[in-house]
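> only geometry, no sequence info:
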């Protein structure tokens, strides 16, 4: 009994010492908290600057001109505020969205669109999940494809035209950050927009929807249909079930 009392007394003294040194003393607490944050930050940040290795995938290619235009629309409209692009390594997420996101999948996302919360579903693997017509109607009237959705309508995208000069400027800026766009790719932005946009317009026509290759909605569809496509192919090559 005496030993037990002594043991509890020692624990109490240790707890008081711990609180006095690490919690009651603001300076000590700040120092140790800073050290812990720095260690955690280093563990998270250093891998991003690791030289090319197994986590850099040659299967991931830069966005096309039309996809860059769509991504600019996605960013300008703040879509990342309601939709994340990050499937976490948790069973529930994998069952709903597919394989968890790998770092190398974001190598041409500048800036990345991980998002901060989910009011709507994660979009990292939405590419080719729905037909082009679904995305068109979803932007025109979200409730027509997702009953009960609180997403606002983006009907103006159906008529707004994209400017090739703006897309070219975006690609030039991305090249400065490391995206390997060639001079030929940048010089042929207008032709690239028309070619890929024409393909999407053709698929929309099959669904009874009329549009034009230079519409903002076509660019956004191109971007959304690209999300996760390269990652899916790379993961399948690595034997990951999709």
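Here it is on my side, so go on. What you are looking at is a predicted structure, and each value in this text was computed from that prediction instead of being measured.
> the longest helix anywhere in the chain: how far from the chain's middle?
Longest helix of the chain, by residue count under DSSP state H: helix 26-45. Taking CA atoms, centre = their mean, to the nearest Å, one finds the center of helix 26-45 at 28 Å from the center of the full chain.
> moving C-terminal of that helix, what's the next helix or strand?
Next helix or strand after helix 26-45 toward the C-terminus (DSSP states H and E): helix 65-76.
> buried ones in that following helix, by neighbour count?
Buried residues in helix 65-76, counted by 16 or more other CB atoms under 10 Å: 65-74. In this view, the C-beta of every residue, glycine as well, is placed from N, C-alpha and C.
> possible to save those residues as a markdown table with distance to residue 241 and pLDDT?
Formatted as a markdown table, these follow (distance: CB to CB, whole Å; pLDDT from 0 to 100):
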| residue | distance to residue 241 | pLDDT |
| --- | --- | --- |
| 65 | 33 | 98 |
| 66 | 31 | 98 |
| 67 | 27 | 98 |
| 68 | 31 | 98 |
| 69 | 33 | 98 |
| 70 | 29 | 98 |
| 71 | 28 | 98 |
| 72 | 34 | 97 |
| 73 | 33 | 98 |
| 74 | 29 | 97 |
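> quick check: the two most widely separated of these?
For the buried residues of helix 65-76, the maximum inter-member distance is 15.0 Å, found between 65 and 74 (CB to CB).
> how far away is residue 157 from residue 136?
9 Å (CB to CB, to the nearest Å).
> what is in contact with those two at once?
residue 217 (CB atoms under 8 Å, 6 or more residues apart in numbering).
> quick one: contacts of stretch 208-223?
By CB under 8 Å, 6+ apart, stretch 208-223 touches 63-64, 66-67, 69-71, 73-74, 132-133, 135-136, 139, 154, 156-162, 193-194, 196-198, 200-201, 204.
> state the pLDDT value of the closest residue to residue 57 other than its chain neighbours.
What sits nearest to residue 57 in space, not counting adjacent residues and going by CB to CB, 6 or more residues apart in numbering, is residue 104, at 4.4 Å. Looking at residue 104, its pLDDT reads 89.
> could you do residue 185 as well?
Residue 185 is assigned 97 on the pLDDT scale.
> run a quick neighbour tally on it.
Residue 185 has 16 neighbours, counted by other CB atoms under 10 Å.
> which secondary structure state does it sit in?
Under DSSP: H, G, I helix; E, B strand; the rest coil, the three-state class of residue 185 is helix.
> from here on, count from 539
That works, and once the first residue is 539, the last one we named lands at residue 723.
> is it in contact with residue 603, as I believe?
Yes: shown here, residue 723 and residue 603 form a contact pair, counting by CB atoms under 8 Å, at 7.5 Å.
> which residues are common contacts for these two?
Shared contacts of residue 723 and residue 603, counting by CB under 8 Å, 6+ apart, come down to 709, 730.
> what helix or strand is residue 718 on?
According to DSSP H and E, residue 718 maps onto no helix or strand at all.
> what about the spatially closest residue to it that is not a sequence neighbour, distance to residue 724?
Spatially, and ignoring its direct neighbours in sequence, residue 718 is nearest to residue 600 (6.5 Å; CB to CB, 6+ apart). Counting by CB to CB, the gap from residue 600 to residue 724 is 11 Å.
> what do you get for residue 776?
With distances taken as CB to CB, residue 776 is found 32 Å from residue 724.
> between the two, which one's more packed in?
residue 724 (17 against 11).
> contacts only, for the more buried one.
By CB under 8 Å, 6+ apart, residue 724 lies in contact with 706, 709-710, 713.
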